[in-house]
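K.L.:
please work out how this folds:
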Amino acid sequence: MSQEESAFVHRFAVRRDYSGGKVSSALLTWAVEHTQTLGRHYLRLDCEASRSRLRAIYENFGFRHHSDRQVSACFVSRYEYEIPPQVS
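P.N.:
Sure thing, here's the model as predicted:
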């Protein structure tokens, strides 16, 4: 699978007061919709593998765990979300 098929979230931050709720879902929904308008098939992101609460947010939204990988000093879990085709 080529990188041209995917869009990537490189940084995702929500103030602690609003974490894990509607703000996170709204931002991820926007990212999915934007990926769809770009004509990409996947939205991908990663996070430190030890961040179980963050991983649960991604998984509950519908991201699929893709793989784990060592990146420099961090061990990360990689996720992807398959973008549904646009209905015209």
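
K.L.:
when you work out contacts or count neighbours from here on, use the C-alpha atoms and nothing else.
P.N.:
OK.

K.L.:
what is the burial count for the closest residue to S25 other than its chain neighbours?
P.N.:
For S25, the nearest residue in space outside its immediate sequence neighbours is F61; the separation is 7.1 Å by Cα to Cα, 6 or more residues apart in numbering. F61 is flanked by 14 other residues according to other Cα atoms under 10 Å.

K.L.:
need phi/psi at F61.
P.N.:
Per-residue torsions, F61: phi -70, psi -30 (degrees, to the nearest 10).

K.L.:
correct me if wrong: it contacts A26.
P.N.:
No: F61 sits out of contact with A26 when judged by Cα atoms under 8 Å, with a separation of 10.4 Å.

K.L.:
picking up where we left off before, pLDDT wise, what is the residue nearest to S25 at?
P.N.:
According to the model's per-residue confidence, F61 sits at a pLDDT of 94.

K.L.:
same check on the one 10 residues further on?
P.N.:
What the model reports for V71 is a pLDDT of 89.

K.L.:
from G62, how far off is it?
P.N.:
In this structure, V71 lies at 24 Å from G62, with Cα to Cα, to the nearest Å as the measure.

K.L.:
many thanks, we can stop here.
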